[in-house]
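S.K.: Take this sequence and fold it.
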Amino acid sequence: MLRDFLLALSFLTRCPVPQRIFESNQLQFSRAFVFFPLIGALLGTVIAGFLAVSRYLFPTFISGFLATGLILWLTRALHLDGFADWIDGLGGGYTPEKRREIMKDSRIGTFGAASITIIIGIKAFSMGVLQQAGAWQGIIIAPVCGRFAMGLLAWRAQGNNQGLGAKFIEGFSWKILVLSFMWFLPFLFWHPVFAIVAMVTSISEVLLLKRGYIASFGAITGDLFGATCEIVETTIFLLGVAFFRIP
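M.R.: Got it, this is the predicted structure:
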């Protein structure tokens, strides 16, 4: 279990992890999904703590942009890169093969650059609003949903899955999905209505995205895992703004 947690921590953050973890023959990437929502909760807690302090130093939306920069630094902007590649693939390719080829290009295209700007702005302003409303549960649960969504995407993933995405999908089971879901339970005690709405929204969104991925790309790739995390996380931030907005 510790090895699986450290693998999740290493993959989702810039926290240093002993390299011998990755040299084990018993390493199974899919088991790390169990801890993905926990890593999201840790990231959300750090961001909420930062916003709680920065509210005394900076205007609301400056704090939101700083918090967005912090989470991008903590996660190495890995998922944002996948999101940009997904948008570039959708915007520039007409066949699944061409779209996957575009996603492999390390350069970011016009579609990707524009989408990154939009999504950073949405997150920054959303976190500013949630900070102003004191809605800390909305700030913490969004990264949890984003990382749970990645596990849900791996469940029964069909198609010609490739690259890092295929490594994480291999061996994925309903048991892993159920265990990862358990990290939602504390939020049911904190704010049950918002937690249920966030869970239902996340699950519905992933099911729709998965269908679209298979239709557009013919496979689930590592970039699409990152795109899913960004899309769901941003959606839950927006949902929080609608739910906790100040009258």
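
S.K.: make it CA atoms for all contacts and neighbour counts henceforth
M.R.: OK.

S.K.: Can you name the next helix or strand after the helix or strand of the chain with the lowest mean pLDDT?
M.R.: Every helix and strand of the chain was ranked by mean pLDDT, DSSP states H and E. The lowest is helix 163-169, at a mean of 69. Later in the chain than helix 163-169, the nearest helix or strand by DSSP states H and E is helix 174-181.

S.K.: List the buried residues of that following helix.
M.R.: Across helix 174-181, burial judged by 16 or more other CA atoms under 10 Å covers 176-177, 180-181.

S.K.: Can you give the contact residues for that helix?
M.R.: Taking contacts as CA atoms under 8 Å, 6 or more residues apart in numbering, the residues outside helix 174-181 that touch it are 30-31, 33-37, 148, 151-152, 155.

S.K.: and what of stretch 93-107?
M.R.: 85-86, 88-90, 92, 215-218, 223.

S.K.: Setting the sequence-adjacent residues aside, check what's closest to His79.
M.R.: Among residues not flanking His79 along the chain, Gly226 sits closest, at 3.9 Å (CA to CA, 6 or more residues apart in numbering).

S.K.: got the angle between the helix ranked longest in the chain and helix 174-181?
M.R.: Criterion DSSP state H: the longest helix present in the chain is helix 192-217. Here helix 192-217 runs at an angle of 140 degrees relative to helix 174-181 (axes from the mean of the first three to the mean of the last three CA atoms, to 10 degrees).

S.K.: Which secondary structure elements does helix 192-217 sit against?
M.R.: Helices and strands touching helix 192-217, by 3 or more CA pairs under 8 Å, 6 or more residues apart in numbering; DSSP states H and E, are helix 96-104, helix 136-154, helix 185-190, helix 222-244.

S.K.: buried sites along the third one?
M.R.: It stands for helix 185-190. So, applying 16+ other CA under 10 Å, buried residues of helix 185-190: Phe187.

S.K.: what comes into contact with that helix?
M.R.: Contacts with helix 185-190, where a contact means CA under 8 Å, 6+ apart, come from 137, 141, 195-196.

S.K.: Try it again at 10 Å.
M.R.: Here helix 185-190 makes contact (CA atoms under 10 Å, 6 or more residues apart in numbering) with 137-138, 140-141, 192-196.

S.K.: mind showing which ranges of this protein have poor pLDDT?
M.R.: Applying pLDDT under 70 to the chain flags residues 21-27, 157-165, 246-247.

S.K.: Would you mind giving the buried residues of helix 174-181 as a markdown table with distance to Leu188 added?
M.R.: Shown next, in a markdown table, are the buried residues of helix 174-181 (distance: CA to CA, whole Å):
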| residue | distance to Leu188 |
| --- | --- |
| Ile176 | 20 |
| Leu177 | 18 |
| Ser180 | 15 |
| Phe181 | 12 |
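
S.K.: Quick check: Thr228 vs His79, distance?
M.R.: Distance, Thr228 to His79, by CA to CA, to the nearest Å: 8 Å.

S.K.: In terms of neighbours, single out the busier of these two.
M.R.: Remark: of Thr228 and His79, Thr228 carries more neighbours, 28 against 23, as counted by other CA atoms under 10 Å.

S.K.: Determine the number of other residues adjacent to the closest residue to Leu78 other than its chain neighbours.
M.R.: Closest residue in space to Leu78, ignoring its immediate chain neighbours: Gly226 at 6.9 Å, by CA to CA, 6+ apart. By the criterion of other CA under 10 Å, Gly226 has 26 neighbours.

S.K.: Gly226 contacts Ile87, correct?
M.R.: No: with contact defined as CA atoms under 10 Å, Gly226 does not reach Ile87; the gap is 11.7 Å.

S.K.: about what we covered before: return the set of buried residues in the longest helix of the chain.
M.R.: So helix 192-217, judged by 16+ other CA under 10 Å, has buried residues 194-195, 198-199, 201-203, 205-206, 209-210, 213-214, 216-217.

S.K.: just these now: which is nearest Leu72?
M.R.: Ser202 (20.9 Å; CA to CA).

S.K.: Fine, thanks again, bye for now.
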